[in-house]
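**Q** here are the coordinates; sequence isn't available:
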């Protein structure tokens with residue numbers, strides 16, 4: 001019965017999860033509820049993949065590896081890049097930066113459009129890159145302090 005089934009192709013499953021990680025992390029400040037929706041979506045995906053592996057596809061060959069390969073690098077790029085995208089969203093599209101630095105913005109009440117005051121926009125950009133660099137340093141410190149393999153496993 002199983003010999004007539006299609007081979008399992010894991011590329012699409014990895015790609016699907018990587019795209020979801022990108023949406024959740026790169027745009028977390030734009031839509032914070034996405035992380036909770038992703039938990040539910042991952043549960044549904046988990047059940048669908050279990051059904052697909054047990055009923056539709058051939059069992060995949062077991063190949064011993066030490067990591068997920070290139071997918072790990074892609075996940076790292078997405079996570080580290082999310083610091084920049086979330087800071088850009090925070091500074092240029094939300095009203096929070098306007099509340100922090102009201103003297104650097106001019107706000108048109110009729111149109112709801114905000115713009116930089118002449119000569120003060122660079123304060124906002126400098127603050128945004130300062131926040132982004134602080135996030136990157138915090139992430140780097142966590143990466144250096146927390147071991148990738150726990151001591152009781154190593």
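**A** Structure received. Owing to the predicted nature of the structure, the values given are computational and were not obtained by experimental measurement.

**Q** Against residue 82, how distant is the residue nearest in space to the middle of the chain?
**A** Centroid-nearest residue in the chain: residue 25, 2.1 Å away (criterion: Cα atoms, centre = their mean). In this view, residue 25 and residue 82 are 4 Å apart by Cβ to Cβ, to the nearest Å. For glycine as for every other residue, the C-beta is placed from the backbone atoms N, C-alpha and C.

**Q** Just give the nearest non-adjacent residue to residue 28, would you?
**A** residue 86 (5.7 Å; Cβ to Cβ, 6 or more residues apart in numbering).

**Q** For the one you found, report the pLDDT, please.
**A** We have a pLDDT of 95 for residue 86.

**Q** Now do it against residue 38, distance only.
**A** 16 Å.

**Q** For the lengthiest helix in the chain, give me every contacting residue.
**A** Across the chain, the helix with the greatest residue count (assigned by DSSP state H) is helix 121-145. With contact meaning Cβ atoms under 8 Å, 6 or more residues apart in numbering, helix 121-145 is reached by 79-80, 83-84, 87-88, 90-92, 97, 100-101, 104-105, 116.

**Q** Same question for stretch 19-38.
**A** 41-42, 75, 78-79, 81-82, 85-86, 89-90, 93-94.

**Q** Can you select the buried ones from those in PyMOL?
**A** Here is the PyMOL selection string for the buried members of the contacts of stretch 19-38, based on 16 or more other Cβ atoms under 10 Å:
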select buried, resi 75+78+82+85+86+89+90
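
**Q** The contacts of helix 121-145 in helices, which ones?
**A** Using DSSP H, those in helices are 79-80, 83-84, 87-88, 90-92, 97, 100.
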